[in-house]
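Engineer: When you get a sec, could you give me coordinates for this:
(one chain, ligands or ions: 1)
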Amino acid sequence: MEPAVPERARIPIMPAMVSSRPSVPEPRRGLRLDPLSGRLAGARQVDSPNQDDRPPGCEPELVVLHGISLPPGEFGGDGIEALFTNRLDPAAHPYYRRIAQLRVSSHFLIRRDGELVQFVPVHRRAWHAGESSYRGRRRCNDFSVGIELEGTDELPYTDPQYEVLGALLAALFAACPRLGPEHVTGHEHVSPGRKTDPGPAFDWARLRRGLAMGTASAETRGHVIPGSPRS
Ligand SMILES: [Zn+2]
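Structural biologist: Numbers count the residues shown, from 1 in each chain. As a prediction, the model looks like this:
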């Protein structure tokens with residue numbers, strides 16, 4: 001089992017930061033997770049059939065960040081949503097022939113423009129990490145929330161993506177008692193050698209700064225995302 005999550009401020013940490021950014025559209029400030037449905041108010045809801053119950057006793061304790069683009073390197077199309085809802089057309093692109101039969105999903109997707117889509121309720125298990133291990137604990141899907149960022153390993157992720165990711169993490173931390181900034185990692189870190197996303201393009205220091213800005217207690221700042229090798 002994981003060690004107990006360190007004591008930390010329960011104040012939602014991002015709204016204060018977001019509210020200092022007048023450019024952020026109104027809906028992004030209002031992200032709130034409904035504890036009964038596991039759905040996030042403020043996210044567009046798309047149901048993925050690729051989900052099931054978490055194992056008994058498992059609750060969200062980890063956030064796994066991913067990067068994805070379909071076709072690879074192309075943004076803005078329907079490929080990701082089609083993949084996560086089992087309706088990807090294998091004839092639509094040569095790459096799709098290799099992946100159309102996969103049964104995968106994530107809880108959330110943040111598009112390049114900051115649009116937030118939810119595919120799986122947070123209390124359910126999404127199928128995003130595959131073979132994986134976090135601090136010696138295997139099968140990360142059992143106890144994690146998966147967030148996909150539309151992008152590639154090499155191209156910088158966008159400002160709206162960082163802003164929405166920060167707001168989403170704050171909403172998750174506020175709603176899930178075992179989630180926190182000390183347990184946010186990348187797919188490349190839980191599946192090393194097999195996965196490379198979100199890749200060197202993802203700015204872990206920027207995420208860490210954004211989270212720390214809203215952290216009420218100075219003592220928690222030293223614990224922000226120590227799980228990341230770039231921390
Ligand atoms: Zn991934």
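Engineer: Leaving out sequence neighbours, find the closest residue to the residue lying farthest from the centre of the chain.
Structural biologist: For the chain, the largest distance from the centre (C-alpha atoms, centre = their mean) belongs to residue 91, which lies 29.3 Å off. Using C-beta to C-beta, 6 or more residues apart in numbering and skipping residues adjacent in sequence, the residue nearest residue 91 is residue 97, 7.8 Å away. All C-beta spots, glycine's among them, are computed from the backbone N, C-alpha and C.
Engineer: what about the one you found, how many residues close to it?
Structural biologist: 13 (other C-beta atoms under 10 Å).
Engineer: How much space separates it from the ion?
Structural biologist: Residue 97 sits 20 Å away from the ion, taking C-beta to the ion, to the nearest Å as the criterion.
Engineer: Same check on residue 130?
Structural biologist: 8 Å.
Engineer: close enough to count as contact, that residue and residue 190?
Structural biologist: No - using C-beta atoms under 8 Å as the test, residue 130 is too far from residue 190 to be in contact (9.3 Å).
Engineer: ok, the two, which is more surrounded?
Structural biologist: Legend: neighbour count by other C-beta under 10 Å for residue 130 and residue 190, higher for residue 190 (23 against 15).
Engineer: Indicate whether stretch 69-84 makes contact with the ion.
Structural biologist: No - Stretch 69-84 does not reach the ion (C-beta under 5 Å from the ion); its nearest approach is 11.4 Å.
Engineer: Need the residue closest to the centroid of the chain.
Structural biologist: Closest-to-mean residue, the chain, C-alpha atoms, centre = their mean: residue 147 / 2.0 Å.
Engineer: And the pLDDT for the residue nearest to that residue when sequence neighbours are not counted?
Structural biologist: Spatial nearest neighbour of residue 147, excluding adjacent residues (C-beta to C-beta, 6+ apart): residue 108 at 4.7 Å. For residue 108, the model assigns a pLDDT of 98.
Engineer: now swap in residue 35 and tell me
Structural biologist: 89.
Engineer: The one 10 residues further on too?
Structural biologist: Reading off the confidence values, residue 45 has pLDDT 98.
Engineer: residues touching it, list them.
Structural biologist: By C-beta atoms under 8 Å, 6 or more residues apart in numbering, residue 45 lies in contact with 39, 117-118.
Engineer: same thing with residue 186?
Structural biologist: Per C-beta under 8 Å, 6+ apart, neighbours of residue 186: 64-66, 197-198, 202, 204, 228.
Engineer: make it 7 Å
Structural biologist: By C-beta atoms under 7 Å, 6 or more residues apart in numbering, the contact list for residue 186 reads 65, 197-198, 202, 228.
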